[in-house]
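Visitor: Predicted structure and sequence below. I'll ask about it afterward.
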There are 2 protein chains.
Amino acid sequence: MEGREISQAVIRRLPRYYRYLGELLENGVERISSNDLSKKMHVTASQIRQDLNNFGGFGQQGYGYNVKYLYTEIGKILGLEEDHDMVIIGAGNLGHALANYAAFEKRGFVLKGIFDVNPTLKGMTIRGVPIHMMDELEDFVKNNDIEIGILTIPKAKAIEVANQLVSYGVKAIWNFAHTDLNLPDDVIVENVHLSESLMRLSYNISRYKEEQKKSEK
Amino acid sequence: MEGREISQAVIRRLPRYYRYLGELLENGVERISSNDLSKKMHVTASQIRQDLNNFGGFGQQGYGYNVKYLYTEIGKILGLEEDHDMVIIGAGNLGHALANYAAFEKRGFVLKGIFDVNPTLKGMTIRGVPIHMMDELEDFVKNNDIEIGILTIPKAKAIEVANQLVSYGVKAIWNFAHTDLNLPDDVIVENVHLSESLMRLSYNISRYKEEQKKSEK
């Protein structure tokens, strides 16, 4: 595995394998063939074999995959065996939603603090995690060795705050602000641009309607 | 354009073009060359020309792109010239966050109603949009000709509610529940699986750390 470039398409699919294997585990399934996994996931069996071969396979001919082993190994590849300490910047509804999502913590994503500019929120907690004011951000990030910054603030402030976080030592940004951050190349950014997702939906609706019209002719 | 298959990769980029062109318009920019657009968007100029050629080009040699025209045309392609009536199922933090995001409405995504099972929310409103109980869902969707259902409920209920929405006539689902919905092929689904996004972030952190270690040797 070392030194090999895994394509972004495979990486995009890995969390989905992880989710399905987790569900199988919960249901007590110990082994699964690539064919059965393929039916569950609506991906071809050969795609599954190809994808998992990127990481050395894990399958035994005729026996299928050991679900727990595969789940654990994919978890390792995804970096889930380590804890990742996080802060959320922006205690609005979206910040609240993310702070309340306990399942992240099960996978090692540990929320250490939440930051906002609104003084009425000072000292409040969400699921036991305190809300701090922005002037405490620098010390907090440095003292707690925060790895991931989650941005749920309006785009006007997002770039400035992202640059602050990076200068305090944050390595990765999970960005919900509706803007690109243009950070240095060694900062890892994962964007969740919700309005773009909604536009893809609307694009597909338009395409569908067009095809309906054509088939009615 | 008719009858041509646009690749999913291009479709993924279109909303981003739309966002950038919108920002240019706000800043009073009337024309932009593919080179300048390329610098702004961190995409190669030839990629931009190729992408936009899928839709007939819009560029004039030597004059660059007319920003407003391109913005409008991409908006049409994305289906943004039509209104899309929506309901949100789940008035938790994420439902609130989406309901409060007024920018969606500017682009024709009109939130008509919010639904929840929690009786204490009955009759409340978010940004003027009322919260209804689930037993009103069928009539509401049918009477208001709702096109998009937004699911912000736990995965245990998501598949059942998605099927209900489809049976009431909803054509498209914007799914935030942590599960695949397995709906009929003619239903359009756009998934936002946040935990998968977070895992991609963590994967990239792991890769980065590995490379750091290697370069230190």
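Guide: Happy to help now that I have it. Predicted model, so just to flag it, every value in this text is computed and none were measured.

Visitor: C-alpha only now, for contacts and for neighbours.
Guide: Fine.

Visitor: Not counting its neighbours along the chain, what's nearest A:Ile159?
Guide: A:Leu181 (5.4 Å; C-alpha to C-alpha, 6 or more residues apart in numbering or on different chains).

Visitor: Ramachandran coordinates for A:His96?
Guide: Per-residue torsions, A:His96: phi -60, psi -50 (degrees, to the nearest 10).

Visitor: Residue ranges of each domain in chain A, please.
Guide: A:8-77, A:85-196 (automatic domain parsing).

Visitor: Return the most buried member of those domains.
Guide: domain A:85-196 (a mean of 18; mean count of other C-alpha atoms under 10 Å in any protein chain shown).

Visitor: That one: end-to-end distance?
Guide: With C-alpha to C-alpha, to the nearest Å as the measure, domain A:85-196 spans 28 Å from end to end.

Visitor: coming back round to it: out of the domains of chain A, nearest to B:Lys209?
Guide: domain A:85-196 (10.1 Å; C-alpha to C-alpha).

Visitor: Please compute how far the closest one lies from its chain's middle.
Guide: Relative to the chain's own centre, domain A:85-196 is displaced by 14 Å; criterion: C-alpha atoms, centre = their mean, to the nearest Å.

Visitor: Adjacent strands (with direction) for the strand ranked longest in chain A?
Guide: Secondary structure assigned by DSSP state E gives strand A:109-116 as the longest strand of chain A. Taking DSSP bridges as the criterion, strand A:109-116 forms sheet pairs with strand A:84-89 (parallel), strand A:129-133 (parallel).

Visitor: And the first one, how far out from the chain middle?
Guide: The gap between where strand A:84-89 is centred and where its chain is centred comes out at 13 Å by C-alpha atoms, centre = their mean.

Visitor: Spell out which residues of chain A are next to chain B.
Guide: A:11-12, A:15-16, A:77-80, A:84, A:92-94, A:96-97, A:104, A:171-172, A:174, A:188-190, A:192, A:195-206 (C-alpha under 8 Å from any C-alpha of the partner chain).

Visitor: Take these and keep only those in helices.
Guide: In this view, the residues of chain A next to chain B that belong to helices under DSSP state H are A:11-12, A:15-16, A:77, A:93-94, A:96-97, A:104, A:195-206.

Visitor: shaky segments in chain A?
Guide: Applying pLDDT under 70 to chain A flags the ranges A:1-5, A:55-62.

Visitor: ok, which stretches of it are strands?
Guide: With DSSP E as the criterion, chain A has strands spanning A:31-32, A:59-60, A:64-66, A:84-89, A:109-116, A:125-126, A:129-133, A:148-151, A:172-175, A:188-191.

Visitor: Just send these back as a markdown table, with distance to B:Gln50 too.
Guide: Formatted as a markdown table, the strands of chain A follow (distance: least, C-alpha to C-alpha, whole Å):
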| stretch | distance to B:Gln50 |
| --- | --- |
| strand A:31-32 | 43 |
| strand A:59-60 | 41 |
| strand A:64-66 | 42 |
| strand A:84-89 | 38 |
| strand A:109-116 | 40 |
| strand A:125-126 | 47 |
| strand A:129-133 | 46 |
| strand A:148-151 | 33 |
| strand A:172-175 | 28 |
| strand A:188-191 | 24 |
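
Visitor: Go through the strands paired with strand A:109-116 and name the closest to A:Asn27.
Guide: strand A:84-89 (27.6 Å).

Visitor: Contacts made by the closest one with the rest, please.
Guide: A:95, A:99, A:108-116, A:145-153, B:202 (C-alpha atoms under 8 Å, 6 or more residues apart in numbering or on different chains).

Visitor: roughly how far apart are A:Gly113 and chain B?
Guide: Distance, A:Gly113 to chain B, by C-alpha to the nearest C-alpha, to the nearest Å: 17 Å.

Visitor: Just grab the bridge partners of that residue for me.
Guide: A:Val87.

Visitor: so it makes contact with A:His132?
Guide: Yes - applying C-alpha atoms under 8 Å, one finds A:Gly113 in contact with A:His132, separated by 7.1 Å.

Visitor: List the residues that contact A:Tyr20.
Guide: By C-alpha under 8 Å, 6+ apart, the neighbours of A:Tyr20 are A:Met41.

Visitor: swap that for A:Val166, please
Guide: A:Val187.

Visitor: Kindly report the same for the one 3 residues further on.
Guide: Contacts of A:Gly169 were listed using C-alpha under 8 Å, 6+ apart, and they are A:Val141, A:Lys142, A:Asp145, A:Ile146, A:Glu147.

Visitor: at 7 Å what do you get?
Guide: By C-alpha atoms under 7 Å, 6 or more residues apart in numbering or on different chains, the residues touching A:Gly169 are A:Lys142.

Visitor: Against A:His96, how distant is it?
Guide: Relative to A:His96, A:Gly169 is positioned 24 Å away (criterion: C-alpha to C-alpha).

Visitor: Same question for A:Ile89.
Guide: A:Ile89 is 10 Å from A:His96, by C-alpha to C-alpha.

Visitor: Quick check: neighbours shared by the two?
Guide: By C-alpha under 7 Å, 6+ apart, no residue touches both A:Ile89 and A:His96.

Visitor: burial count for A:Lys217?
Guide: 5 (other C-alpha atoms under 10 Å in any protein chain shown).

Visitor: Would you mind measuring from it to A:Lys209?
Guide: 13 Å.

Visitor: same question, A:Leu183
Guide: From A:Leu183 to A:Lys209 the distance is 40 Å (C-alpha to C-alpha).

Visitor: cool, A:Ser38 as well?
Guide: 30 Å.
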